[in-house]
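Peer 1: Build me a model from this:
(one chain, ligands or ions: 1)
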Amino acid sequence: MKGNLEQLYRQVIMDHYKNPRNKGLVDSEDYNNIHYKNPSCGDDITVQFKINNAGIIEDIKHDGTGCSICCSSASVMSTLLKGKHQDEALRLMQNFFNMMQGAELKNMDEMEDAVAYTGVAQFPARIKCATLSWKALESGIKGNGDGVEE
Ligand code: ZN
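Peer 2: You can find the predicted model right below:
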């Protein structure tokens with residue numbers, strides 16, 4: 001990766017870390033709650049989402065504590081996937097997981113700020129940090145997640 005690009009990606013991550021989008025949970029039965037932990041790093045994230053009858057993810061919220069990679073990634077995930085159809089969201093999440101395995105995506109533009117995490121693939125210990133909130137939402141949408149990922 002070129003130095004300038006790496007610097008740009010770091011700025012994107014720090015921006016989402018310092019000014020997280022969609023942060024803060026709401027107290028509403030319209031939302032599903034998924035709580036995920038990454039004990040190896042100490043990340044602890046709750047993701048909330050609301051899907052309407054047409055399958056559109058109307059809202060995504062997140063809150064919790066963790067490292068800059070984890071917290072910023074939750075913000076990026078929420079901005080990318082909010083307003084998308086759940087099928088489209090699942091596809092983009094799979095793209096992100098593939099990216100974390102070092103795969104080159106055909107269409108990087110559609111990943112928006114999530115491209116900033118390309119470099120994380122080189123640091124296996126941090127992959128879980130980057131994917132934690134994404135895995136939480138994925139399991140929530142698929143309806144098989146209600147707890148702690150070890
Ligand atoms: Zn972490």
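
Peer 1: tell me which parts of the chain are close to the ion?
Peer 2: Proximity of the chain to the ion (CB under 5 Å from the ion) is limited to residues C41, D43, C67, C70, C129. All C-beta spots, glycine's among them, are computed from the backbone N, C-alpha and C.

Peer 1: Restricted to strands, list those.
Peer 2: Among the residues of the chain next to the ion, the members found in strands (DSSP state E) are D43.

Peer 1: Mind listing what's buried along the helix or strand of the chain with the lowest mean pLDDT?
Peer 2: Within the chain, no helix or strand scores below helix 3-18, which has a mean of 92 by mean pLDDT, DSSP states H and E. For helix 3-18, the buried set under the neighbour-count rule, 16 or more other CB atoms under 10 Å, comprises Y9, V12, I13, D15, H16, Y17.

Peer 1: Closest one of these to L105?
Peer 2: Y9 (14.7 Å; CB to CB).

Peer 1: How many residues are close by the closest residue to I141 other than its chain neighbours?
Peer 2: Ranked by CB to CB, 6 or more residues apart in numbering and with sequence neighbours excluded, the top spatial neighbour of I141 is Q86, at 5.2 Å. As a burial measure, Q86 scores 19 neighbours (other CB atoms under 10 Å).

Peer 1: can you count the residues close to I141?
Peer 2: Burial of I141 is recorded as 21 neighbouring residues (other CB under 10 Å).

Peer 1: List the contacts of it.
Peer 2: Applying CB atoms under 8 Å, 6 or more residues apart in numbering to I141 gives the contacts F49, I51, I57, Q86, A89, L90.

Peer 1: and it, which of the three is it?
Peer 2: helix (DSSP: H, G, I helix; E, B strand; the rest coil).

Peer 1: In the chain, what residue spans correspond to strands?
Peer 2: Using DSSP E, strands in the chain cover 32-38, 43-51, 57-65.

Peer 1: Need the winner for burial among those.
Peer 2: Each of the strands of the chain was scored by mean neighbour count; the highest is strand 43-51, a mean of 22, by mean count of other CB atoms under 10 Å.
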